[in-house]
Every structure is written in structure tokens, then in C-alpha cells.
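Peer 1: whatever this is, show me its structure:
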Amino acid sequence: MNFLILLLCLFQPVDDGTLVFVKGGNRIVKFQTDSEITHVGIIFIENSEPYLYEATPPRVRKIALKDYLKEIEETNKKHPKNQRELVYVNPSMPADKIASMKKYAESQIGRSYGVRSYVKGKELSTIHCSEYVSRILIAGGENIDVPYKQTPDSLMKKYLKMSLL
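Peer 2: Modelled structure (predicted):
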């Protein structure tokens, strides 16, 4: 990600509930899901500052979006042949649902990351990125079947389609 793209991302308006997808990056996820979309997180605004909530090794975390963008920039510098790109999708969640979504998101910070639930096909104590975001969306009233079976790509397809309607 070059400096101009980073600046555009920093100044791009984002709302509570905006989904952030990562294109590229994790080759294992890419192989398992047969998709370029390899990660997902969700943004909530706190004191006018956007924060990204994500499940990533080793634990679920909350990070200022500006710091996350810097991490992506640094990763892209280290791995120029494996560039990560961000795709923002805003499913326009009603304000009354955002509070319950954020409450769930906050309650999971520190939970151990793992993909075994996806691989084994059952809910476990660990959580992966798309399961975490699915459960956040469910807390807001969304209908998502079997959260641990969701992939970043399946969520993107669902919410990209919705945002185009």
C-alpha cells in the first residue's frame, strides 16, 4: 500500500458497523477458501475515532484504524510480492443495533484465536475472524447461519450484495 492509498484510507469516512475485508495475505486461508479475501474485521467509532475489532493470532483485539493501516503498510513493505488490500463494505446497520453489536465485540476482546471450529465443523472455545464478525452481526439481529462455518469471502459476498441494493 503506497502512501497515497494510506492517506485515502485514513480520511475515508467510516461508520459504526463498517466491515473491513483484507484481500491477499494469508495463503492458508486463500487455499482453504479458494478466495483472495482472507480476513475480515469490523469498525466501531469511539470518541470520533474508528477502531477495528478483529480475531487474529493470538487473540481477539481492538486497534485504532490508523494503527491498523500502518501495520498493513509495514507488512506490504516487507512482502512486496504479497500485497494486502483493504475493501470497506458498509452494511448500514441501524443505530439501535450498533450498541448490542459493540457490546458483544468488546466482550470477546482477549478470546483466543483459532480456526479449529471451522476445520472441525463445530463451535469451540477459540474463534476465527469471520466467526467473530458473524457473531457480532448476529448480536445486531442479522441472520447468519452457522457462524463458525463462515469465511471472509462468504461474508463479503453477503454484505457487498446488500450494500449494492
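Peer 1: from here on, contacts and neighbour counts on C-alpha atoms
Peer 2: Fine.
Peer 1: can you show me the strands along this structure?
Peer 2: Ranges of strands within the chain are 19-23, 37-46, 49-56, 59-64, 85-89, based on DSSP state E.
Peer 1: what about the protein, any weak spots by pLDDT?
Peer 2: 1-12, 30-31, 162-165 (pLDDT under 70).
Peer 1: quick one, helices of it?
Peer 2: Here the chain has its helices, by DSSP state H, at 3-11, 27-33, 65-78, 95-107, 116-120, 129-139, 152-164.
Peer 1: out of those helices, nearest to Val146?
Peer 2: helix 129-139 (8.5 Å; CA to CA).
Peer 1: name the helices or strands packed onto that closest one?
Peer 2: Counting contacts by 3 or more CA pairs under 8 Å, 6 or more residues apart in numbering; DSSP states H and E, helix 129-139 is packed against strand 37-46, strand 49-56, helix 95-107, helix 152-164.
Peer 1: can you give me the buried ones in the third one?
Peer 2: Think helix 95-107. Using 16 or more other CA atoms under 10 Å as the test for burial, helix 95-107 gives Lys97, Ile98, Ser100, Met101, Lys102, Tyr104, Ala105.
Peer 1: could you report the distance from Ala64 to Glu49?
Peer 2: Relative to Glu49, Ala64 is positioned 7 Å away (CA to CA, to the nearest Å).
Peer 1: neighbour-wise, which of these two wins?
Peer 2: Higher neighbour count among Ala64 and Glu49: Ala64, with 16 against 12, using other CA atoms under 10 Å.
Peer 1: which residue is the nearest non-sequential neighbour of that one?
Peer 2: Tyr51 (4.3 Å; CA to CA, 6 or more residues apart in numbering).
Peer 1: and the residue nearest the centre of this protein?
Peer 2: Gly41 (1.4 Å; CA atoms, centre = their mean).
Peer 1: not counting sequence-adjacent ones, nearest residue to it?
Peer 2: Nearest to Gly41 is Glu54, by CA to CA, 6+ apart, at 4.6 Å.
Peer 1: I'd assumed Leu65 was in contact with the one you found.
Peer 2: No: look at Glu54 against Leu65 with CA atoms under 8 Å: they stay out of range, at 11.1 Å.
Peer 1: which of these two has more neighbours?
Peer 2: Taking neighbours as other CA under 10 Å, Glu54 and Leu65 compare with Glu54 leading, 26 against 20.
Peer 1: in the sheet, who's paired with the more buried one?
Peer 2: Arg61 (DSSP bridges).
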